[in-house]
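Undergrad: I'd like to go over a predicted model; first the sequence, then the structure.
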Amino acid sequence: MNDEKRFAIIMAKLATAFERNGITKDRIAFYWEYLKHIPMAALEWSTEEIIHERKISCLPTIAEIEEKATMTGEDDLNRRALVAWRVANDMIVTGARSGDAVLDEAVHMSFGSWERFGECDPEQEGYDRTHFIKVYKDVARRQARMALLPPGEIRKQLEQNRRRLDDIKAEKES
């Protein structure tokens, strides 16, 4: 089944849970246009979460679905790691490749390569998942700390570092 069909099923679930009058093909296409960049496993997982958590009886917005699927907060790191595990497994099955730097690095650090990830022993799945999740969280935290600063902030830090270096040199000379 291709991603558009899987997405239509996701939207049908959401419509069943939250829309009294169903959902049109145009509305599904509209949502698809804005959410197709998100891995299907993350969209499927986030849909289940929304259905279980949402108290408002209307279709969630594109922003709500995207926020749940991408989970950008530190509090959601465990969930993000679990979703990444599902996404990675889904990608092995479908033959797709990731554009997610955190996921790619976690797979490479955990298993050596995507190919070796796909060769995991099913009997070791629990251990492999636990190891992957730990590595994924470490990589995500490190990359969050290494996020690039805006150019103005970089310039300020360089100037501060130069002043500190000049102060250190002056102290050594005296």
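TA: Perfect, thanks for sending it. Numbering: from 1, shown residues only.

Undergrad: secondary structure element for Leu77?
TA: Secondary structure assignment for Leu77, by DSSP states H and E: helix 77-94.

Undergrad: Show me what whichever helix or strand comes after that helix packs onto, helices and strands only.
TA: With elements assigned by DSSP H and E, the helix or strand that comes after helix 77-94 is helix 101-111. Here helix 101-111 touches helix 77-94, helix 114-117, helix 125-145, going by 3 or more C-beta pairs under 8 Å, 6 or more residues apart in numbering; DSSP states H and E. From N, CA and C alone the C-beta is placed, and that goes for glycine too.

Undergrad: and helix 101-111 with helix 77-94, angle?
TA: Here helix 101-111 points in a direction 80 degrees away from that of helix 77-94 (axes from the mean of the first three to the mean of the last three C-alpha atoms, to 10 degrees).

Undergrad: returning to what we had before: quick one: mean pLDDT for the helix holding Leu77?
TA: Helix 77-94 shows a mean pLDDT of 85.

Undergrad: what's the most buried one of the helices and strands packed on helix 101-111?
TA: Highest mean neighbour count of these: helix 77-94, a mean of 19 (counted as mean count of other C-beta atoms under 10 Å).

Undergrad: what angle do that one and helix 125-145 make?
TA: Relative orientation of helix 77-94 versus helix 125-145 (the same axes, to 10 degrees): 120 degrees.

Undergrad: Who are the packing partners of helix 77-94?
TA: helix 40-53, helix 101-111, helix 114-117, helix 125-145.

Undergrad: What's the first helix or strand after the longest one?
TA: In this case it means helix 125-145. Using DSSP H and E, the helix or strand that follows helix 125-145 in sequence is helix 151-173.

Undergrad: Could you export that following helix as CSV, CA atoms only?
TA: C-alpha atoms of helix 151-173 as CSV (Å, rounded to 0.1, in the frame of the first residue of the first chain):
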residue,chain,number,x,y,z
PRO,A,151,25.1,35.0,13.1
GLY,A,152,24.8,38.0,15.5
GLU,A,153,25.1,35.7,18.5
ILE,A,154,28.1,34.0,16.9
ARG,A,155,29.8,37.4,16.4
LYS,A,156,29.1,38.4,20.0
GLN,A,157,30.6,35.1,21.3
LEU,A,158,33.7,35.5,19.1
GLU,A,159,34.2,39.1,20.4
GLN,A,160,33.8,37.9,24.0
ASN,A,161,36.3,35.0,23.4
ARG,A,162,38.8,37.4,21.9
ARG,A,163,38.5,39.7,24.9
ARG,A,164,39.0,36.8,27.3
LEU,A,165,42.0,35.6,25.3
ASP,A,166,43.5,39.1,25.4
ASP,A,167,42.9,39.2,29.2
ILE,A,168,44.6,35.8,29.6
LYS,A,169,47.6,36.9,27.6
ALA,A,170,47.8,40.1,29.6
GLU,A,171,47.7,38.2,32.9
LYS,A,172,50.5,35.8,31.6
GLU,A,173,52.7,38.8,30.6
